[in-house]
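**Q** Sharing a model prediction with you, sequence too.
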Amino acid sequence: MDKASFSMAMLRILSGSIELTAALVMLKLNDVQKALAVNSMLALVGPLVLISTTTIGLVGIADKLSPAKFVWILAGVGCLLIGILRK
């Protein structure tokens with residue numbers, strides 16, 4: 001099994017587990033203000049997992065990419081992050 005693929009999958013499983021746990025916490029709290037606070041904390045998890053999995057994937061295929069393609073991929077990820085994090 002490829003280490004990069006396995007690491008990416010494990011990060012996604014961890015991210016999904018965090019999301020499910022947060023949803024259960026929101027249900028248990030039964031308060032919209034507290035649920036909103038929990039949801040706000042999740043806003044950090046998504047981009048961090050995106051950056052981590054993308055980095056692992058790029059490191060895994062770095063030897064197969066030309067420098068120009070590598071720059072295009074980084075630019076695309078940067079645009080995604082700007083779109084996600086910009087208010």
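**A** Yes, it's here. Residues are numbered from 1 along each chain as shown.
**Q** where exactly do the helices run in this protein?
**A** 3-29, 32-61, 67-85 (DSSP state H).
**Q** For my notes, please list these in CSV and give mean pLDDT and mean neighbour count for each entry.
**A** For glycine as for every other residue, the C-beta is placed from the backbone atoms N, C-alpha and C. Converted to CSV, the helices of the chain look like this (pLDDT from 0 to 100; neighbours: other Cβ atoms under 10 Å):
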stretch, mean pLDDT, mean neighbour count
helix 3-29, 96, 13
helix 32-61, 90, 13
helix 67-85, 86, 11
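**Q** Residue 22 contacts residue 38, doesn't it?
**A** Yes - assessed by Cβ atoms under 8 Å, residue 22 is found in contact with residue 38 at 5.3 Å.
**Q** end-to-end on stretch 25-38?
**A** 8 Å (Cα to Cα, to the nearest Å).
**Q** ok, residues contacting it?
**A** When contacts are defined by Cβ atoms under 8 Å, 6 or more residues apart in numbering, stretch 25-38 is touched by residues 22, 39.
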